[in-house]
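> just to be clear, the model below is a prediction. Sequence and coordinates:
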Amino acid sequence: MSPASPDPDPATAERAAEHLDVLIVGAGISGIGAGRYLRAELPSKSFAILEARAASGGTWDLFRYPGIRSDSDLHTFGYEFKPWRDEESIASAPRILDYLRETVAENGLDRHIRYHHKVISASWSSEQARWAVLVERTDSGEQATLTCSWLFAAGGYYRYDQGFTPRFEGRERFRGAIVHPQHWPEDLDYAGKRVVVIGSGATAVTLLPAMAETAAHVTMLQRTPSYIMAVPKKDAIANALRRFLGPERAYALTRRKNIAQQRLVWSFCQRYPRAARRFIRWANTRQLPEGYPVDEHFNPPYDPWDQRLCAVPDGDLFKAIREGKASVVTDRISTFTENGVLLESGRELAADVIVTATGLNVQAFGGIGITVDGERVRLPDTVAYKGMMLSGVPNLAYAIGYTNSSWTLKVGLLCEHFCRLLAHMDAHGHDVCRPEVSDPAMPTRPFLDFDAGYVKRAIDQLPRQGDRMPWLTSMDYRSDVKLLRADSVLDPELHFGRAGSATDPAHTDSAHTDSARTDSARTETAATR
């Protein structure tokens with residue numbers, strides 16, 4: 001930690017501020033889920049969900065580019081408590097938004113969401129055991145302070161106000177439209193026009209077939225190929241089960257099936273990368289025209305799942321290539337020209353519209369300035385505890401999902417664990433909960449072991465993770481079921497205390513030990529869910 005810049009003084013702010021038990025930051029898929037778990041598990045808790053934008057839904061309301069959809073099946077990307085009833089398992093953003101807003105309505109979360117509320121900073125006082133949270137109204141610019149016992153960061157990991165675009169030489173010369181998918185203009189007309197999409201990730205492979213339906217031609221220009229796999233848009237087994245068993249039982253079975261399937265695919269790719277590479281190449285070759293240069297455009301230099309695999313529902317990208325509506329070019333950009341893009345090979349791609357599908361800007365905790373007892377928290381100096389809290393930072397939880405599986409699988413487990421932790425604190429009269437690393441010599445490594453460009457660009461701005469539990473950020477659902485659902489909330493490196501007093505290690509309190517036994521017994525069967 002380093003000296004803080006001025007923040008609202010908790011003692012002064014408390015006199016005028018509204019106080020809540022929990023403040024959830026973000027009304028996207030994580031924040032909505034956190035709100036529902038609080039309502040269901042701890043109905044006496046007061047909470048609010050603060051959303052800087054004018055609508056709920058997070059990513060699924062922000063992005064408006066053509067064809068936007070999930071790249072995970074909704075039986076695992078959806079909430080465990082709310083069955084996905086649509087026939088399409090790989091779903092479009094409007095269908096996902098409907099699902100999320102149904103969740104809000106069904107669980108009475110509407111009155112808890114406060115739109116146009118952007119969190120600027122949060123200051124913790126150990127003397128009072130609460131956060132003073134400075135909030136700005138994005139519609140008026142007015143500022144106010146709220147206080148809370150717990151802060152739950154559910155805003156994801158990227159900046160909502162700015163996507164990532166590298167510097168392109170000659171950009172100002174291009175006479176057509178240049179668009180970033182994160183800021184898609186409602187009035188963009190690309191019908192009958194030549195489009196170049198720069199990028200090879202999930203956004204690019206979604207845009208290409210969607211825009212190819214009306215554009216004259218769409219070219220995906222990539223510097224490096226990505227692994228791309230065709231997946232069925234509809235899950236035939238899930239739909240059959242729903243007809244025979246009803247939505248609830250069918251959803252539970254399908255969810256288990258797909259969790260196991262995701263784990264199997266990821267484990268196979270990790271253990272047998274060469275075999276996985278050969279299989280993906282074979283599958284791509286079957287989808288592409290005869291004689292297509294597969295190794296030039298669909299043969300990445302890294303192993304499968306070093307970066308996330310891109311899913312294309314019903315092979316729509318390959319279909320657009322087969323029909324001649326779209327193409328892939330693997331090359332580097334030399335400069336933009338008046339009429340398109342000049343490549344290092346000397347080839348020029350003519351374009352009327354250029355889409356820079358070049359990624360995200362990672363931003364932890366929404367860029368909120370966090371201080372603890374007057375000292376600024378530097379995230380790279382902290383270590384992630386159970387993938388949901390930070391060392392040395394009291395009463396702060398966050399939701400980060402999986403990078404190798406459906407995001408929401410982990411978020412659900414985190415929210416369950418969070419509610420059990422709050423219930424334990426209430427039962428034993430604790431106000432403060434703070435993770436602390438007991439071994440200062442413990443080796444650390446990056447918070448996200450993921451080779452994606454957007455992660456590597458921000459790796460020095462993120463927390464770290466350790467080399468052992470509970471300081472590892474697990475990306476394995478089965479391990480997290482045991483850690484977050486079945487195991488006790490107590491841990492020797494999690495310390496509890498009361499307002500104005502130092503925290504004590506949980507394992508030194510005999511009452512905690514008794515509680516741990518009860519806690520463990522109560523959740524013994526939970527790991528089978």
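Good, I have the coordinates.
> got the contact list for residue 392?
When contacts are counted by CB atoms under 8 Å, 6 or more residues apart in numbering, residue 392 touches 1, 372, 377, 382, 434, 435, 436. Just so you know, the C-beta spots here come from the backbone N, C-alpha and C atoms, and that holds for glycine as well.
> SS state for the fifth one?
Going back to what we said before, that points to residue 434. strand (DSSP: H, G, I helix; E, B strand; the rest coil).
> out of the contacts of residue 392, which are buried?
1, 372, 377, 382, 434, 435 (16 or more other CB atoms under 10 Å).
> report the contact partners of the residue nearest to the fifth one when sequence neighbours are not counted.
What it means is residue 434. Leaving aside its chain neighbours, residue 434 sits nearest to residue 394 (4.2 Å; criterion: CB to CB, 6 or more residues apart in numbering). With contacts defined as CB under 8 Å, 6+ apart, the neighbours of residue 394 are 124, 126, 129, 372, 432, 433, 434, 503.
> repeat for residue 99
Applying CB under 8 Å, 6+ apart, we find residue 99 in contact with 74, 78, 82, 84, 86, 91.
> now for the fourth one: which residues touch it?
What that stands for is residue 84. By CB under 8 Å, 6+ apart, the residues touching residue 84 are 74, 75, 78, 91, 99, 251.
> any regions of the chain where pLDDT drops low?
Low-confidence segments of the chain (pLDDT under 70): 1-16, 449-456, 458, 502-529.
> how about 80 then?
Across the chain, the ranges flagged by pLDDT under 80 are 1-17, 157-160, 163, 307, 361-363, 403-404, 447-461, 500-529.
> specify the local secondary structure of residue 285.
helix.
> what about the nearest residue to it once chain neighbours are set aside, distance to residue 108?
If the residues on either side of it in the chain are set aside, residue 285 comes closest to residue 294, at 5.3 Å by CB to CB, 6+ apart. Residue 294 sits 52 Å away from residue 108, going by CB to CB, to the nearest Å.
> higher neighbour count, those two?
residue 294 (15 against 11; other CB atoms under 10 Å).
> dump the residue contacts of residue 87.
For residue 87, the contact set (CB under 8 Å, 6+ apart) comprises 234, 239.
> now the one 3 residues further on
By CB under 8 Å, 6+ apart, the contact set of residue 90 is 69, 70, 71, 73, 74, 231, 232, 233, 311, 313.
> the third one touches residue 229, doesn't it?
No - look at residue 71 against residue 229 with CB atoms under 8 Å: they stay out of range, at 10.1 Å.
> settle it for me: which of these two has more neighbours?
Comparing residue 71 with residue 229 by other CB under 10 Å, the one with more neighbours is residue 71, at 19 against 16.
> please name the nearest non-neighbouring residue to the more buried one.
residue 311 (4.6 Å).
> and that neighbour, what element?
Here residue 311 sits within strand 310-313, counting by DSSP states H and E.
> could you dump the helix or strand that comes right after that strand to PDB, C-alpha only?
Downstream of strand 310-313, the next assigned helix or strand under DSSP H and E is helix 316-322. Extracted in PDB, the C-alpha atoms of helix 316-322 (Å, rounded to 0.1, in the frame of the first residue of the first chain):
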ATOM      1  CA  ASP A 316     -21.600 -20.400 -39.600                       C
ATOM      2  CA  LEU A 317     -18.100 -18.900 -40.200                       C
ATOM      3  CA  PHE A 318     -17.100 -21.900 -42.300                       C
ATOM      4  CA  LYS A 319     -20.400 -21.700 -44.200                       C
ATOM      5  CA  ALA A 320     -19.800 -18.100 -45.100                       C
ATOM      6  CA  ILE A 321     -16.300 -19.000 -46.400                       C
ATOM      7  CA  ARG A 322     -17.700 -21.900 -48.400                       C
END
